[in-house]
Structures are given as C-alpha cells and as structure tokens.
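Give me the fold of what follows.
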Amino acid sequence: LDIRVGVIQKAWVHPEADKLFCEEIDIGEDEPRQIASGLRAHYNLEDLEGQRVLVLSNLKSRKLVNFPSHGMVMCASNDEGKVMFVEPPADAKI
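Next up, the predicted model:
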C-alpha cells in the first residue's frame, strides 16, 4: 500500500452523484490528484479545502459516476458511526 500525506486544494459537489465530492489533492506530485469520495453525508463542502488527509495512491484509476478517480481518501468511523478523516501528524511532509 502506498499511503501519502496530502492537502485538499479544491473540492466541489459531483454534478451527477448525490453522495460524492470531487477533490484535487496535492500529494507531492507534479499535478494534484483528482479523487472522488463518498463523504457528502459526513462533511460540508466548505470543510474540505485545506484539510490534511491520507491518500491511498497506488489504486487503479476508476470512474465514479463519470469522474476519473485516482486514489482513495482514508477515513475511519468511531463507535457512534461518525466518519472522520484519518489525519496525518501535523509535522508529516507532503
């Protein structure tokens, strides 16, 4: 597994899917990664930009409702079912 630290630079609501956000995430490559995540039930759009995240970056690209997604944002849920980002340490480098 290739897990990288990233920062969500841009996020928007997927125009065709009720559950998806689309994000551009800087993980230290030449261009930000485009990733779709099913987090609309758990986060507000305005909470995403600037969020530090962990990205599973060596997954095969796949289209999620016509949006090419090139990785997965790592999240976990607590005992109450609340879904949260797995946040990297503050001093972790991108």
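
What is the burial count for residue 86?
Residues within reach of residue 86, counting by other CB atoms under 10 Å, total 11. Where C-beta positions appear, they are placed from N, C-alpha and C, glycine not excepted.

Please read the previous query as pertaining to residue 33.
The number of residues near residue 33, taken as other CB under 10 Å, comes to 21.

Would you check that it makes contact with residue 25?
Yes. Using CB atoms under 8 Å, residue 33 is in contact with residue 25, at 5.0 Å.

Give me the common contacts of those two.
Common neighbours of residue 33 and residue 25, using CB atoms under 8 Å, 6 or more residues apart in numbering, are 6, 55, 71.

Quick check: of these, which has the highest neighbour count?
Neighbour-wise, the shared contacts of residue 33 and residue 25 (other CB under 10 Å) top out at residue 6, 27 neighbours.

and it, what does it touch?
25-28, 33, 52-55, 94.

Residues contacting stretch 9-19, please?
By CB under 8 Å, 6+ apart, stretch 9-19 touches 20-26, 32, 36, 38, 40-41, 45, 48-49, 64-67.

and what of stretch 25-32?
With contacts defined as CB under 8 Å, 6+ apart, stretch 25-32 is touched by 4-10, 24, 33, 35, 53, 55, 57, 71, 73, 93-94.

how does it look with 6 Å?
With CB atoms under 6 Å, 6 or more residues apart in numbering as the test, stretch 25-32 has contacts from 4, 6-9, 24, 33, 35, 55, 94.

For it, buried residues please.
Neighbour counts over stretch 25-32 (16 or more other CB atoms under 10 Å) mark 25-27, 32 as buried.

All set now, cheers.
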